[in-house]
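Asker: Just to be clear, the model below is a prediction. Sequence and coordinates:
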Amino acid sequence: MLDKEVVFAADDNVVGENARVAVEKMENGDVVLLQNTRYRKEETKNEENFSKELASLAEIFVNDAFGTAHRAHCSTVGAGEFLEERVCGYLIQKELKFLGEAVATPVRPFTAILGGAKVSDKIAVIEQLLEKVDNLIIGGGMAYTFLKAQGYEIGTSLVEEDKVEYAKEMMDKAKAKGVKLLLPIDNAVADKFADVAAVITEDANIPAGHMGLDIGPKTTELYVNTVNESKTIVWNGPMGVFEFENFNQGTLAVAKAMAALTDATTVIGGGDSAAAVNQLGFGDKMTHVSTGGGASLEFLEGKELPGIVALDNK
């Protein structure tokens, strides 16, 4: 992009003699790559002295690493405190634009899709999104806790027993707010966690000795129809074990439906959902695929990201 050789300062101290010599030799337009800052144990502690050492090599602090913006480390927060100008790069600017606008000022109907393994990983996101969305689609392993809360049999599926009451509360909250909360009405199951032939259940109940590994075809149709009727879609977390070919159909169908939309904003919230969309070949068809897993999740939770807060407001 810059048509410049990138000089790597091989220095296990990160800011030692090799790094300083490389920086001193720089001319306008040159690029020097420092050693991984985690070579220094002070990095993750946001320790002041290491932050000062990093800052001593620069005049302006530019953070363009959205994927680590939720961490208060020396390289994301501390170094900027010792430089007068602290700005974001184009990637962070793009992330804030699409994630921010999608949640704050969505074109409606606004649908959020949440998947992944655990309800506990998405508690704050669920609560935040129920204040904003028209439709909330639940899939992945976390769906079975909700199904148990509805009184369905879930076999040996992943479940968080201590979150069943919470799931009931969220279903009640969705109803009170007029949010359509969609849960599986059938499932693709197996008697072991392996890429074996899927058994499709008649309804949401899962037989004893079987575990849910993907949403079923009726659920897939329900979810895809909801996606097709939406103008803004934010997706975080796959619908099933997409790494297994026999259990990637739900994730594939949702990704395909989103990719086909031409008059809607489609945002993929990083992490496993981004990996799934890219692996299935639909990444370039989405409006935006976030580079941040934990960062995008915390952003959707409404949290302030330390790496963003540390920047100048301009």
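Answerer: Yep, it's here.

Asker: Every contact and neighbour count from this point should use C-alpha atoms.
Answerer: OK.

Asker: Confirm that residue 235 sits in a strand.
Answerer: Yes - with the criterion set as DSSP: H, G, I helix; E, B strand; the rest coil, the secondary structure at residue 235 is a strand.

Asker: Now for it, how many residues are close by?
Answerer: Other residues near residue 235 come to 22 when the count uses other CA atoms under 10 Å.

Asker: swap in residue 6?
Answerer: Other residues near residue 6 come to 11 when the count uses other CA under 10 Å.

Asker: who are the neighbours in contact with the nearest residue to it once chain neighbours are set aside?
Answerer: For residue 6, ignoring the flanking residues on the chain, the nearest one in space by CA to CA, 6 or more residues apart in numbering is residue 31 at 5.2 Å. Residue 31 sits next to 4, 5, 6, 7 when contact means CA atoms under 8 Å, 6 or more residues apart in numbering.

Asker: and which of these is nearest residue 312?
Answerer: Here the nearest of the contacts of residue 31 to residue 312, counting by CA to CA, is residue 6; it sits at 27.5 Å.

Asker: For stretch 224-236, buried residues please.
Answerer: Of the residues in stretch 224-236, those buried by neighbour count under the rule 16 or more other CA atoms under 10 Å are 224, 226, 227, 230, 231, 232, 233, 234, 235, 236.

Asker: what do you get for stretch 101-112?
Answerer: When burial is assessed from 16+ other CA under 10 Å, stretch 101-112 yields the following buried residues: 102, 103, 106, 109, 110, 111, 112.

Asker: So which residues make contact with it?
Answerer: The contact list for stretch 101-112 (CA under 8 Å, 6+ apart) reads 129, 132-137, 226-227, 229-235, 265, 267, 300.

Asker: could you redo the last one with a cut-off of 7 Å?
Answerer: 133, 134, 135, 136, 137, 230, 231, 232, 233, 234, 235 (CA atoms under 7 Å, 6 or more residues apart in numbering).

Asker: what pairs with the last one across the strands?
Answerer: Beta-bridge partners of residue 235, counted by DSSP bridges, are residue 113, residue 268.

Asker: wait, doesn't it sit right on residue 114?
Answerer: Yes - shown here, residue 235 and residue 114 form a contact pair, counting by CA atoms under 7 Å, at 6.1 Å.
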